[in-house]
Structure formats: C-alpha cells, structure tokens
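Asks: Everything below, folded, please.
(2 chains)
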Amino acid sequence: MGRKPAVDGWFSVDPAALVGTRCGDCGTPYFPRNEIACRNPGCAGPKDGSELAPYTFSTRGRIWSYADSRYKPPPPYVSPEPFRPYVVAAVELDVEKIVVLGQVVPGVGVDDLAVGQEVELTVGTLYTEGDDDHLVWMWRPVA
Amino acid sequence: MSGDVAVVGTGMHPWGKWGKNFVGYGLTAAREALAEAGLSWRDVQYVAGADTIRNGYPGFIAGATFAQALGWSGARVSSSYAACASGAQAIANARAQILAGLADVALVVGADAAPKGFFAPVGGDRPDDPDWLRFRLLGATNPLYFALAARRRMALYGSTPEDFALVKVKNARHGAANPNARYRKETTVAEVLESPVVASPLHLMDICATSDGGAALVLTSVEFARSRGLARPVRIAGLSTVTPTFPKTVIDLPDFATDAAMTVPEPARPFRAALAYAAYEEAGIGPSDVSVAEVYDLSTALELDWMEDIGLCAPGEAESLLRAGETTIGGRIPVNPSGGLASFGEAVPAQAIAQICELTRQLRHRSGPRQVPSPNTAIAVNQGLFGHGSATLLTH
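Replies: Take a look at the predicted model:
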C-alpha cells in the first residue's frame, strides 16, 4: 500500500504543512505556489519569478467559514462508493493572513465546528485507487 | 449626458430546460429586441456576443455565430467570455463602440443550453487548471462556495436559514408573475426548509439551478434614439467591470485561497462593493438614488450580501429590510422584481443581459403585474469566476 500526494508540491506530509512560495522582495506569500511573478502590484521586485522562493506556511488558524457537501460532486472528484459526505473549511492562518480551503478530517461534521474555532493542518487520504492512498492537506480541530 | 447610451430594444427567450440548440434561443431574443426597437437586422452595425463554453466551438465565438444565423450582413463583431459576467462584458463592448462614435446601433446577444445537475469543469485531465483542481482536491462544487458565504453571514450577523428561505419566498412570488421565468410557483419558508440540504446551511431551494435561455438588447447612441423619435430613452449611465484589488481577501469560487493580507492592507472596498461603486462614480449617482435592483442571487444568502455591497443598507441590515417587506415589489427598494436567479436558474451568458432587459422594462413601466411603482434609477450587479463581475446603472 503506497501513500502519495494527490497533487505534487502543494504540501509536505511529515511534518504536515502547506508549501507555497514567497516573494523575497515584498514578503507576500502565495498558496497555491506561484512561480510566475509576484502579484502584489506595489512590489518593486523583478517580477520574473526569480523573486519567488519556496515557503512553508504556518499550520494553525481560525475557521473563517465551513460547509459540507451532501451530494456526490462530478468528476474529477474521486468519490468512494457509496458516496461519503465531507466538510470543507475556509481557514484564516494567523501568521500569513490568508484564507485557505481544505477538507476537514473525516468524522468531524458541521455541528462540531464554529466560525472562529482554532484548527491545525494535517494530511489525510483524499481517495484510494488500486493500492495507493492519495493524500491531501486537511484541517483538524485543535484539541 | 454625453456618456450615456440608449437601450431601445429588449428581447428574451423564456428560461427553461428546453433541450434545444443555444443559437435558437439567441435568435428569438435578438429578433424580439430588434422588433421592440423598430429596427431591422441590417440596421445593426456591431454585434456583441456573450460566449457559452458548454456548447462547442460556436459558443466560443458567439458573436459570429449569432451574426451568421441572422444572415451575414457585414456588421462588425465581438465575442466575450467573462464567466457569469460575459453578458455584461458584451454590453460594455457595445457601449464603448457607441460612445467612441464607431457605431450608432449595436446588438448584444447571449444564450445558453445548460447541462443537468452540478456545473462540472470542462472535460479532460487538466492538473494546471484551478477550476479542475478544486473539484479534484476539495470536491468544492459551486454550491459549496455559496454555503461558505452563507455560513459566514450567519456568524457575522446572526442570519438564519429562515431568513435565507424568505429570500426565496419573495423571489418566487415575483417570478410567479414573470412569463420568462422558468419557475413560476410561489413557495413557503417551510417548503424551502424541507427541501434537501445540498451544502449546509443551504437547502436545494436556496441554490439557483442552471437553465437554457437567451437575452438580447439593442443599444444606440442617444442621438440616434432621438432621431427615431425616442426623446427619453432608458439609458446606461454607468457600467463597471472592474477587477478585484490586491489583496483580495474574500474567497470566491474557484479559489483555493485568498491573497495573503500579510504585506499590503486590505482594500477599502471588497470586490463586489468595488464593482458597484465604480459604476456609481461613473454615473455620478449614489445608492440612495436607486429605486430598483437586480442582484445575482446564485444563492438566497448572496442576495442579502449584495444588498449591502451595493449600499442599499448597512452591513447586517439586509435581513431587517427583507423581513419588513421593503425588498418586495411595492416596498421601498424592490430587489429582483424579475424573480431573480431563484426563479430563472442561471443561463450564464444570457443572465447579465436578462437583468438589463428586466430593469429597462421596469423603467418603461412595461412590467405588468410585476411593475415597481415609479422607478427612475436601477442597478444590476453580477459576479463570475476568476475576478469577473459587473455593475450597470440605468436611468430614465
């Protein structure tokens, strides 16, 4: 049984963290990773991508909002059969002041969540195909 | 005002799930708009098409597709894609041609034939496309983003699912009297709340469907309208299609994340408000001048957000206006007298054009049982994916 990321280069597994890029000139971080040019119109950097370096995001934030999905989405979502409802949270990271979406770990429902609640990043299985677990970043309430 | 253009014709093919080719819906709307304007197709110097991306190549070049279907006439042409704001961009293009003096008469057409169920990304494996990836990695459907906005509103202002349902009840009542609406049946708060939860806190009846439909406008210079005996035409007094300002800190579909507000302060106005206020500034009027509004109610909760974004009330006050009946036809500031997306379902490239059809007819007192008493200034707003949106101000 293998474990591999469902998308390359967007997060690290151990330790669990979102990986993006950050502008060396103005300091703005980007997720998902931006390698083309810093998008801050006030940034005086070269804006040819050379100003952007890999950046590991902080892993704690507060729930900005959350919702669940009660019906199976269309492909390319890979759904278990039978379909299993899932929760998505929009989380504002304390340090970077960025709101990032992620599924919430299985077993946590909308009734267990609240806007403003503290959560942390983890990694979980998005879907299983053949012998492989395909991993993605997820939010988990801080105990 | 010299910055105005006249809306001299409106046309619509009824919304529904008709299962026909989108071109036919556009033609029906175009012919109705030309007939209402008292103009013929050969009078049209510029055709602005709003694109549909779900109907093959003819949809990507909608302007030419409609021009060919009407019979090649040598008119100049453009085709616009701006997601849900495609229709507004087509209007903006036609307006700019007229204001630049390059054309006196322009035809704007948008039509769609929509698939069943959830909007899915365009087919194929595209791991570089954020619209593909949000389905793949998050299962983030459009209703899920609407639900995030609705839950945020509940947390900020204490809105309830009953409030959201009341928006549907109000819009269904408006739409019941609209022959172009797809859903023409009144409903109740209980019925909305009993409909299945699609994405908590939103029920099926809180979320707009996808529809077939077509809408068209004939726009002319004010001088041309006068020369045809229209002394006081309905005018487009302002039209904004501004992009967001960095850092964009409100998450919208299909984003994975907002911009980080770590290094640059947030803009004074978030995106939807910026759209409206750019149009207000262009027209030299303000929210207190508005007598009727068509807002993009992709969900019931979003109608309440829009009311505040366009300045009809302060943040958190939309529910009290709604509950007091102020946003119903006959109230102080009717919102979505057409019935809105709640009664239409979204026919993407036609929808922003249909908003202008509705408001033009309202300003001309041609809305029958749905007539808003004595309107003189109207606003239409919409928002699409990837930083698209529009606000249009009409005066009479």
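Asks: What segments of chain B are strands?
Replies: In chain B, the strands defined using DSSP state E lie at B:5-16, B:46-50, B:76-80, B:105-112, B:197-199, B:202-203, B:212-221, B:234-240, B:292-294, B:377-383, B:389-395.
Asks: so what are the domain limits for chain A?
Replies: Domains of chain A are assigned by automatic domain parsing as A:17-56, A:60-141.
Asks: right, so of those, which gets closest to residue A:7?
Replies: Across those, residue A:7 has its closest neighbour in domain A:60-141 (7.3 Å, C-beta to C-beta). (Each C-beta comes from the backbone N, C-alpha and C, glycine too.)
Asks: Once you drop chain neighbours, what's closest to the residue most central in space within chain B?
Replies: Chain B has residue B:352 as the residue nearest its centroid, 3.2 Å off, counting by C-alpha atoms, centre = their mean. The shortest distance from residue B:352 to any non-neighbouring residue, by C-beta to C-beta, 6 or more residues apart in numbering or on different chains, is to residue B:87 (3.4 Å).
Asks: can you count the residues close to that neighbour?
Replies: When neighbours are defined as other C-beta atoms under 10 Å in any protein chain shown, residue B:87 has 36 of them.
Asks: cool, the one 3 residues further on as well?
Replies: Other residues within reach of residue B:90 by the criterion other C-beta under 10 Å amount to 32.
Asks: likewise residue A:116?
Replies: 10.
Asks: could you say which helix or strand contains it?
Replies: Following DSSP states H and E, there is no helix or strand that holds residue A:116.
Asks: Turn the strands of chain B into TSV, including distance to chain A.
Replies: Converted to TSV, those look like this (distance: least, C-beta to the nearest C-beta, whole Å):
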stretch	distance to chain A
strand B:5-16	22
strand B:46-50	24
strand B:76-80	24
strand B:105-112	18
strand B:197-199	5
strand B:202-203	8
strand B:212-221	19
strand B:234-240	19
strand B:292-294	25
strand B:377-383	17
strand B:389-395	19
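Asks: Pick the most deeply packed of these.
Replies: Stretch with highest mean neighbour count among the strands of chain B: strand B:105-112 (a mean of 32; mean count of other C-beta atoms under 10 Å in any protein chain shown).
Asks: Give me the mean pLDDT for that strand.
Replies: Per-residue pLDDT values over strand B:105-112 give a mean of 98.
Asks: Provide a complete list of residue ranges assigned to helices in the stretch 51-200 of chain B.
Replies: Secondary structure of the stretch 51-200 of chain B by DSSP state H, counting those that start in this stretch: the helices cover B:57-60, B:62-70, B:86-99, B:130-133, B:142-157, B:161-176, B:189-194.
Asks: Return the most buried member of the ones you listed.
Replies: helix B:86-99 (a mean of 26).
Asks: from the chain's centre, how far out does that one sit?
Replies: 14 Å (C-alpha atoms, centre = their mean, to the nearest Å).
Asks: so for that helix, what's the average pLDDT?
Replies: Helix B:86-99 comes out at a mean pLDDT of 98.
Asks: Ok, stretch B:13-24 next?
Replies: Mean predicted lDDT for stretch B:13-24 stands at 97.
Asks: what do you get for stretch B:306-319?
Replies: In this model, stretch B:306-319 has an average pLDDT of 98.
Asks: Then stretch B:142-153?
Replies: Mean predicted lDDT for stretch B:142-153 stands at 97.
Asks: Would you mind stating the distance between residue B:171 and chain A?
Replies: 22 Å (C-beta to the nearest C-beta, to the nearest Å).
Asks: buried residues in stretch B:37-55?
Replies: Buried residues in stretch B:37-55, defined by neighbour count with 16 or more other C-beta atoms under 10 Å in any protein chain shown: B:37, B:39, B:43-52, B:54-55.
Asks: got the end-to-end distance for stretch B:202-222?
Replies: 44 Å (C-alpha to C-alpha, to the nearest Å).
Asks: How many neighbouring residues does residue 71 have?
Replies: The chain I'm using is chain A. Using other C-beta under 10 Å, residue A:71 is surrounded by 16 other residues.
Asks: oops, I was thinking of chain B
Replies: Neighbourhood size, residue B:71 [other C-beta under 10 Å]: 8.
Asks: elements contacting the lengthiest strand in chain A?
Replies: Of all the segments of type strand in chain A, defined by DSSP E, the longest one is strand A:118-129. Contact partners of strand A:118-129 among helices and strands, from 3 or more C-beta pairs under 8 Å, 6 or more residues apart in numbering or on different chains; DSSP states H and E: strand A:60-69, strand A:99-104, strand A:132-141.
Asks: 6 Å - rerun?
Replies: In this structure, strand A:118-129 makes packing contacts with strand A:132-141, judged by 3 or more C-beta pairs under 6 Å, 6 or more residues apart in numbering or on different chains; DSSP states H and E.
Asks: buried sites along the strand it packs on?
Replies: For strand A:132-141, a neighbour-count test (16+ other C-beta under 10 Å) marks A:134, A:135, A:136, A:137, A:138, A:139, A:140, A:141 as buried.
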